[in-house]
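Participant: curious how this folds, go ahead:
(one chain, ligands or ions: 1)
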Amino acid sequence: MKDQIKPARRQFLKMGSAAIAMIPVIALTGNAFAATNAGMRTSMKYQETPLGDKDCSNCLQFVPGKTPKDLGGCKLFPGDTEISPKGYCAAWVVLPK
Ligand code: SF4
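Facilitator: This next block holds a predicted model:
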């Protein structure tokens, strides 16, 4: 019985250590789960800069971040949480006013 408990306790301690180790990362970045969708970015020719007056912040597909300047998401780029409001891609569609 005692041997059955030890592995679980050991695993719990490992997970706790990993969680504690992540605290500085979360504190520094403020976004522990940020991710990009490299495949979609490449296929849609995503760029971090606008094309003229066309950018993600005035695109129908953009999912804004907490503030207008924060990184957001895109309805066409699943899992990507680092879309710049000043970015642009080939799938840009004007946001109706
Ligand atoms: Fe930006 Fe392209 Fe997504 Fe529009 S479709 S929000 S331009 S990445």
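
Participant: now V63: how far from G52?
Facilitator: From V63 over to G52 the distance is 22 Å, taken as C-beta to C-beta, to the nearest Å. Yep, even glycine has a C-beta here, placed from its N, CA and C like the rest.

Participant: more neighbours: those two, which one.
Facilitator: For V63 versus G52, the count of surrounding residues by other C-beta atoms under 10 Å is larger for V63: 13 against 6.

Participant: check what pLDDT the more buried one gets.
Facilitator: Listed pLDDT for V63 reads 98.

Participant: beta partners of it?
Facilitator: G73 (DSSP bridges).

Participant: ok, it - contacts?
Facilitator: V63 makes contact with G72, G73, C74, K75, I83 under the criterion C-beta atoms under 8 Å, 6 or more residues apart in numbering.

Participant: just the buried ones from those residues?
Facilitator: Buried by 16 or more other C-beta atoms under 10 Å: G72, G73, C74, I83, out of the contacts of V63.

Participant: so who does the nearest residue to M40 once chain neighbours are set aside touch?
Facilitator: Excluding its sequence neighbours, the residue lying closest to M40 (C-beta to C-beta, 6 or more residues apart in numbering) is F77, at 4.4 Å. Contacts for F77 (C-beta under 8 Å, 6+ apart) come out as N37, M40, R41, M44, Y46, I83.

Participant: noted, bye for now.
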